[in-house]
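Asker: sequence plus the predicted model coming up.
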Amino acid sequence: MIVFVTGASAGFGAAIARRFIADGARVVATARRLDRLHALREELGPKLLPIELDVRDNAAVERAVAALPAEFAEIDLLVNNAGLALGLQPAHKTDLADWERMVDTNIKGLMYCTRAVLPGMVARDRGHVVNLGSVAGEWPYPGGNVYGGTKAFVRQFSLNLKADLIGTQVRVSEIEPGMAESEFSLVRFGGDAEKAKAVYAGMQPLTPEDIADTVHWIVSRPAHVNINTISLMPTCQAFSPFAVKRS
Ligand code: NDP
Ligand code: 8X3
């Protein structure tokens with residue numbers, strides 16, 4: 001199996017690379033921080049191919065996919081994992097540049113990678129696209145504004161891809177995790193480690209390995225089984241009632 005994973009320099013993506021290499025797959029590990037990917041290659045060996053890639057750059061995405069060496073070229077599994085949340089400010093106070101960066105990465109980057117990889121999968125009549133959505137795409141929360149909007153896109157885009165791919169053997173799945181400890185909150189809070197740590201204080205979050213296991217389970221179902229959507233959250237996380245502002 002050949003896996004192409006975006007955002008492999010940290011969190012879920014690195015865990016997914018480890019999980020699939022342990023299973024004998026070859027993994028194209030992409031992200032912007034090449035030093036991290038080289039460290040992963042040191043750890044995991046030549047079955048991992050590190051490629052520096054900013055998913056917001058469509059020309060670079062197309063070049064990277066077209067230039068894959070033969071032994072990594074026929075991608076069986078695309079994991080669209082690269083993504084980020086920036087800030088938790090209400091909509092009227094947020095930085096528009098943060099909104100644009102989330103749209104460019106979580107929506108447009110995911111579109112670019114999918115568009116570059118999908119024709120090969122359809123031509124081979126084999127493959128699987130797994131997209132990282134979020135519970136934030138399903139449930140609103142204060143400050144989730146554009147981040148949640150990008151993940152709602154991921155959910156609907158995944159279902160629509162499945163609609164387009166009927167008649168082929170290409171599968172599409174979307175995973176919607178709740179709170180998981182990675183560099184996610186560090187990025188969301190602009191590198192403030194204390195603030196990021198506080199998010200997970202006194203609770204047991206999901207781990208990147210939990211997400212990697214979920215991807216692996218989805219992909220290892222028999223070929224006639226397509227998992228459309230999986231939602232998972234820590235046992236200690238749940239839902240809130242509607243907020244009501246009383247006078
Ligand atoms: P991390 O911050 O730990 O990892 C994010 C990865 O995305 C990094 O490898 C980063 O690499 C990469 N990335 C960010 N921007 C770009 C870009 N422009 N081009 C290429 N790669 C990029 O976060 P997680 O592992 O937690 O998150 C992975 C995915 O899961 C995201 O889509 C996130 O929204 C989603 N998610 C996370 C949850 C959580 O609670 N952690 C819950 C639900 C969903 P680099 O900076 O080197 O480019
Ligand atoms: C990440 C989970 O709840 O911080 O998508 O939005 S949450």
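Answerer: In hand now; what should we look at? Ligands and ions are numbered 1, 2, ... in the order given.

Asker: spit out the contact partners of His38.
Answerer: Listed by C-beta atoms under 8 Å, 6 or more residues apart in numbering, the contact set of His38 reads Pro50. Quick note: C-beta positions are derived from backbone N, CA and C, even for glycine.

Asker: buried ones in the strand or helix carrying it?
Answerer: Using DSSP states H and E, His38 sits within helix 34-44. Buried residues in helix 34-44, defined by neighbour count with 16 or more other C-beta atoms under 10 Å: Arg36, Leu37, Leu40, Arg41, Leu44.

Asker: also stretch 228-247?
Answerer: Buried residues in stretch 228-247, counted by 16+ other C-beta under 10 Å: Thr229, Ile230, Ser231, Met233, Pro234.

Asker: redo the buried residues of helix 34-44 as a markdown table? Include distance to ligand 2 and pLDDT.
Answerer: A markdown table is the format used below for the buried residues of helix 34-44 (distance: C-beta to the nearest ligand atom, whole Å; pLDDT from 0 to 100):
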| residue | distance to ligand 2 | pLDDT |
| --- | --- | --- |
| Arg36 | 21 | 98 |
| Leu37 | 23 | 98 |
| Leu40 | 23 | 98 |
| Arg41 | 28 | 98 |
| Leu44 | 26 | 98 |
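
Asker: spatially central residue in the chain, please.
Answerer: Nearest residue to the geometric centre of the chain (C-alpha atoms, centre = their mean): Asn81, 1.7 Å.

Asker: from Leu53, how far out is that one?
Answerer: Look at Asn81 and Leu53: by C-beta to C-beta, to the nearest Å, they are 12 Å apart.
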